[in-house]
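**Q** Here you go, sequence then predicted model.
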Amino acid sequence: MAYFAELNKDNKVLRVVAASNQDIITHGGEQSEQAAQFFETVCPLSQNGVKWVQTSYNNNFRKQYAGENFSYDENKNIFIRPQPFASWSLNANSDWQAPVAYPTVTISSDNLPYFISWDENGLRWIANDNQTDEFYWNPASSSWISI
């Protein structure tokens, strides 16, 4: 199976649709403009769609498999995930990065995993252990502090 992402005028992905591999091979090959144009005859664009761009289910090209609300960067020829939080920014690899590095300690002193999540209001990582204890990550000391 081949897959195409439908883009709007702002290069946001509206939907992803499967296509026949044989149709792609016969009409220009993978990642070709000809295959995308042919696919439009098989699956017309929606009301807000402006073009189809092939995406790779196995992440073999265009960085990663596109999903709804992903962005397509024409200059880099890649799909970028939606921004998870307003405070996060794109790094050099076009991956979203929190303003605070992910904690280096992910296992508690009881040898159990922390359940880690981002706290956008506090701009910090927080975690719960397997009990009811809650912690925040202190990057200066590389340790979890009880809340």
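**A** Everything's here; your move.
**Q** hey, let's count contacts and neighbours off CA atoms from now on
**A** Will do.
**Q** okay, how far is it across stretch 90-98, tip to tip?
**A** Counting by C-alpha to C-alpha, to the nearest Å, you get 9 Å between the two ends of stretch 90-98.
**Q** wait, is residue 22 part of a helix?
**A** Yes - assignment of residue 22 by DSSP: H, G, I helix; E, B strand; the rest coil places it within a helix.
**Q** For residue 40, which residues are in contact?
**A** Neighbour list for residue 40: 51-52 [criterion: C-alpha atoms under 8 Å, 6 or more residues apart in numbering].
**Q** Render the CA-only coordinates of the helix or strand hosting it in PDB, please.
**A** When elements are assigned from DSSP states H and E, residue 40 belongs to helix 33-42. Once side chains and other backbone atoms are set aside, the C-alpha atoms of helix 33-42 remain, and they are given as PDB (Å, rounded to 0.1, in the frame of the first residue of the first chain):
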ATOM      1  CA  GLU A  33       4.500  14.600  -8.800                       C
ATOM      2  CA  GLN A  34       3.100  12.400 -11.500                       C
ATOM      3  CA  ALA A  35       1.900   9.800  -9.000                       C
ATOM      4  CA  ALA A  36       0.300  12.500  -6.800                       C
ATOM      5  CA  GLN A  37      -1.500  14.000  -9.800                       C
ATOM      6  CA  PHE A  38      -2.700  10.600 -10.900                       C
ATOM      7  CA  PHE A  39      -3.900   9.900  -7.300                       C
ATOM      8  CA  GLU A  40      -6.000  13.100  -7.500                       C
ATOM      9  CA  THR A  41      -8.000  11.500 -10.400                       C
ATOM     10  CA  VAL A  42      -8.600   8.400  -8.300                       C
END
